[in-house]
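Engineer: Build the 3D model from these lines:
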Amino acid sequence: MATKRSQPTAKPTAPPAEPPRTALRIHAPDALPAAELHVLRDLNVLRAPVTDLLAPAGIPAGTPLRQNRFITQGYVGIAQTLQGLLDPDFQPGGASRVRPCWFAFAPHASQEAGKGMLGAAIARRIIDLAQGESLPSVAHAYDRVGLTGSMREGAEKLSTALSWHGLPRDASAAIGALAGAMNLEPLSDPRTLWSTAHRFARLFFQAPGVLPLNKAEAMARTLERMLNEGNLAIFTDIGGAAQAYLAWRRGAGAITPERVLREFTLRGATPQQAKRAHDVLVTRTREQPAPSDFASLLPDVSGPSLVVAGFALTEAARQAPGGGARDALIAIANNCFAWREQHDAVQPAFTPPGRLPDEVSRPELTQALTPLLRLQLGSVMWNFSDYAATQRDRDSNPLTSKPTEYNWAGFEDRWPAILTAFTLGYRDPTALWALPQPLVPADSPLLDLA
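Structural biologist: Sure, this is the predicted structure:
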């Protein structure tokens, strides 16, 4: 049983009225049954105030879940506007049969990050409930927060495996919730289940803190911060570039790729580099798959210049007669945006220069989660485990499963997998326009739980 955290002395006051028990429904496709969570503010809420969250220009301050909601909806607006350039028949709220732009993938990716943040929020709620009392069972912990559906199934499976590694019941319940919103199918392979649980257990015992709940909280905190920082970094960089481009475009009159390269710029970009990238890439539209190794192909071109080239290629696609030529240009432009996103913008969130004293290792936490990663693209699903199954067996060891041999924190592991997610989306372009619904209602107390 954990020691109850001390609270500051306060003058006696009338007890506040209990907020109503609020049901949270997590929207999910039919293949992923919805989960429900009841948020109670009066049960052992002993958390200390947290420091102010990072609030880049244009993104409101608030909890990671609230910022994720803003970012996901922001991507939706950008995606609809840019797809309208490529497909004159496209209307917001409808679907497009034209190959989707990078920004059509972005809301779905942001939503998956939000699910991870939601898992961290649930884990922290379980930790709060466990303060000063002994949880009789993992099921009791999940009952207390009202966790049901597929999220509960995954959380229970992982928490059971964690108990085999010696973790206390309350810590196992909290850590199990971290992965509850992810792809559970790989855990049906005993090798993946054992490896995932072993990695989580090792992180737990290495985590800062004396009490088990302190260690579990460090893991939840690390996941939440990592996902939030990555979400913010990508949106402020690539999303901000798109907002700047659309603002410039509105007042620029007739647009050509040449004008984009000559007149539109971003901080860190140069017209010379952007033109060089465009001129090299526009000649490679017949290559299959589309060019993606920009470190070798364009080693002297900066990420911002590559983004400018991506917008010029988008304009070239808009003016293309259609069919294969247009699709090829869109694919190359998407790779330009994605390279900047993954190689530059989000990488520091996965592999920061140093570890904060109240966190666990971000690369090691990401490695533990890698087999469970997925990306819901409207009506189609991309799973990392499916991708790994098509790759060679890295260690030629039958005792380890292929998905456990990768680490999403490493760009070299992440980049080839992301390209296959694009390919899946290209096969059914209309699927992506079943855009994600908010994870939680706008008035849910969970959005403001810190």
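
Engineer: Any regions of the chain where pLDDT drops low?
Structural biologist: Across the chain, the ranges flagged by pLDDT under 70 are 1-57, 450.

Engineer: where along it do the strands fall?
Structural biologist: Listed in chain order, the strands of the chain (DSSP state E) span 22-26, 35-39, 374-377, 380-383.

Engineer: could you list every residue that touches Ile234?
Structural biologist: 106, 341, 345-346 (C-beta atoms under 8 Å, 6 or more residues apart in numbering). Backbone N, C-alpha and C define where each C-beta goes, glycine included.

Engineer: Looking at those, which is nearest Ala434?
Structural biologist: Ala106 (14.7 Å; C-beta to C-beta).

Engineer: Next one: the closest one from Ile238, what distance?
Structural biologist: 8 Å (C-beta to C-beta, to the nearest Å).

Engineer: in the stretch 1-150 of the chain, which spans are helices?
Structural biologist: With DSSP state H, counting those that start in this stretch as the definition, the stretch 1-150 of the chain shows helices at residue ranges 64-86, 102-130, 138-145, 149-164.

Engineer: Nearest to Val282, out of these?
Structural biologist: Here helix 64-86 is closest among the helices of the stretch 1-150 of the chain (C-beta to C-beta), at 16.3 Å.

Engineer: how far off helix 102-130 does that closest one point, in degrees?
Structural biologist: 170 degrees (axes from the mean of the first three to the mean of the last three C-alpha atoms, to 10 degrees).

Engineer: Can you mark which positions in helix 64-86 are buried?
Structural biologist: 64-72, 74-83, 85-86 (16 or more other C-beta atoms under 10 Å).

Engineer: Now tabulate the contacts of Ile234 in TSV and tack on neighbour count and distance to Ala320.
Structural biologist: Shown next, in TSV, are the contacts of Ile234 (neighbours: other C-beta atoms under 10 Å; distance: C-beta to C-beta, whole Å):
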residue	neighbour count	distance to Ala320
Ala106	25	23
Glu341	25	24
Ala345	20	28
Val346	23	30
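
Engineer: Just give me the closest of these to Arg250.
Structural biologist: Taking C-beta to C-beta as the measure, Arg250 lies nearest Ala106 of the contacts of Ile234, at 20.9 Å.

Engineer: does that closest one really touch Gly77, like I thought?
Structural biologist: No: the criterion here is C-beta atoms under 8 Å, and Ala106 misses it with Gly77 at 10.9 Å.

Engineer: So what touches stretch 356-363?
Structural biologist: Against stretch 356-363 from outside (C-beta under 8 Å, 6+ apart): 203, 206-208, 218-219, 221-222, 225-226, 349-352, 355, 407, 409-410.

Engineer: What separation do you get for the residue most central in space within the chain and Leu82?
Structural biologist: Closest residue to the average C-alpha location of the chain: Ala113 at 2.4 Å, with C-alpha atoms, centre = their mean. Applying C-beta to C-beta, the value for Ala113 to Leu82 is 21 Å.

Engineer: Does Val282 touch Glu315 like I think?
Structural biologist: No: with contacts counted by C-beta under 8 Å, Val282 stays clear of Glu315, the gap being 11.2 Å.
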